[in-house]
Every structure is written in C-alpha cells, then in structure tokens.
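S.K.: Sequence and computational prediction follow.
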Amino acid sequence: MADEAFFHPAGTVEAGGHHYEVFDPTPSTASVWADTMQHGAPPAAIMVRAIEAHVPGGARVSRVTVDLLGVVPITRSRVRAWVSRPGRTISQVSAEMACETAPGEYRVVARAQAWVLASSDTSAIARDLSPVLPPAGEEQGAMPGFFSHLKDQGFLAACDWRFVDRPEGGDGPRQCWIRARMPLVAGEEPSPLVQVFSVIDAANGISAYLDPTAVTWMNMDMTVHFHRAPRPTGGWIGLIGDQLVGGEGIGTTESRIYDGDGAFAVGAQTLLVAER
C-alpha cells in the first residue's frame, strides 16, 4: 500500500513544558465510521509505543487501559509518556495523544495508563484454561456481512484477516486472526506489544452481531490484561470476541487474545449502542 505505515514521524516538539514526539497519520488509520477520523487501534498503539520507552528491563506490562476522549482526527499528532507512579516492583506509566484541530492548536484526544510489574519465574505454577483458537489458515472462514463492503477501506484494508468458522455454527463468539500489513511508524519494526495494540480495537468489529446499517456501536475505551508477554508469529494476533448488549443503550465487547502459543490476555471495551 502507498501509505506504508500508520504514522510517519515528523520530529519532536517542546510544548507546555512537555516533550512530544510528532507524527502524521496516514489514510490507513481511518475508521470504518468516517474517513476523517482514526480507527481506535492506531492511537492506542502509538501511545503504547511511547509507554514502552519507560518500561525498565526485567519488567512486564500487565494491564493497559486506553480512553478515547472524542473523535481522533487524521491530523498531525503529538504523543508523550511519563512515569506517573514510580515504584521498584509496581509502577504506572501514562501517555496522551493530542491532535491538531486548527493551525497551532492541539486537543488531547486519547490517554493511556499501563501497570508495569517486576517479572519473576512462575512457570511452575502457570495456569490458563482459555479455549483453543485454531491457527490461522490460508482459507477464509465466514466473516461478518458488513466486512464485505468495508474491508477495502482505511484500517480494514491495512490489515490481513482470517476468520475461523465456529465449530457449532450459528450464533456465539467470533474467532479471527488479524495482522497489520504495515508498521505502526514508518521505518520501525514494531515490538510485540505494539503489534497487539495495532489491531486490538478490531475486537469491537470482529465480535459484532449487530447490523451497522440499523445500529451504531462505538467504543470509547479498551482495556487489556496480560497474564504473559505476547509472542506473535509473523504479526498474527488471534481474537475470540463477543458482544454483550443490554437494553439501556450500553454494552461490552469482551475478548480473549492469542498468539501461536495460546492465549496471553483478556480484553474489554465499553460500547455506546444506538439505533440509527
């Protein structure tokens, strides 16, 4: 693809007493809801990239929460991260992203927080009873209907998708493998954690059973709890996702997240659900 990356680096800047990295998002960041706003995954990933710079050796990220504070426009963006709670065994790193809304004016559009824990060897007592997700094959399983007319646009076109047919068929959690076709930042090899967050917001679409021509469902956050470090092979991230929708206009997307060795995290997203 001509974009070659979700973001192109545009230097650094000092503003308001803070140091920011500056990026220009490409059209591959575009949401399925509008081509003027970013999909949730690229902003999440660019903040996680900044957070990782503050994670010391021997420590592991155990949880990341991303809050989308409004529409994230496809305009020049500033990103910074800082240690918000220092500690020897438990620390917290925060990040924020601001986008240009007018010449010289920036608005904070997203924030992230990560718990960082000291690592130790607990392999002797490791336990995970997550269901098995079949590996990504060359054959494409049945995909949600709306993917057929959106898969060549923006973020969806920037990723490879391999839906796995549900063994029983019919309704229930959806299963899919996904990988970004391009790096997050031009000229960089993304870390395993960045590869996860480059696609994780897709759980909201993968799990969908609603008809987007009749209903909208938008998430304003994403939280991922890790029980081990991700080890994606070839960039592939697996998801088993389901949508839980109540009768008052709110819902939750819940997901289990996989690499080739099995599940390594669970995720959740808050949904605002409304009929068109």
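M.R.: Received, thanks.
S.K.: Tell me where the stretch 151-276 of the chain has helices.
M.R.: When secondary structure is read from DSSP state H, counting those that start in this stretch, the stretch 151-276 of the chain shows helices at 154-157, 192-197, 203-206.
S.K.: Can you give me the buried ones in the last one?
M.R.: The reference is to helix 203-206. Of the residues in helix 203-206, Ala203, Asn204, Gly205, Ile206 count as buried by neighbour count, 16 or more other Cβ atoms under 10 Å. Just so you know, the C-beta spots here come from the backbone N, C-alpha and C atoms, and that holds for glycine as well.
S.K.: ok, now which ones touch Asp35?
M.R.: Pro27, Ile74, Gln153, Gly154 (Cβ atoms under 8 Å, 6 or more residues apart in numbering).
S.K.: burial count for the first one?
M.R.: Burial measure for Pro27: 16 neighbouring residues, criterion other Cβ atoms under 10 Å.
S.K.: just to revisit the earlier point, among the helices of the stretch 151-276 of the chain, which is nearest Ser94?
M.R.: helix 192-197 (15.2 Å; Cβ to Cβ).
S.K.: could you say what helices and strands the closest one packs with?
M.R.: Identification of packing neighbours for helix 192-197 by 3 or more Cβ pairs under 8 Å, 6 or more residues apart in numbering; DSSP states H and E yields helix 41-52, strand 59-68.
S.K.: which of these is buried the deepest?
M.R.: Among the helices and strands packed on helix 192-197, ranked by average contacts under mean count of other Cβ atoms under 10 Å, first place goes to helix 41-52 (a mean of 26).
S.K.: angle of it against strand 59-68?
M.R.: 140 degrees (axes from the mean of the first three to the mean of the last three Cα atoms, to 10 degrees).
S.K.: what separates Pro42 from Leu184, distance-wise?
M.R.: Distance of Pro42 to Leu184, computed by Cβ to Cβ, to the nearest Å: 7 Å.
S.K.: and for these two, which residues touch both?
M.R.: Common neighbours of Pro42 and Leu184 (Cβ under 8 Å, 6+ apart) are Phe6, Phe7, Ser198.
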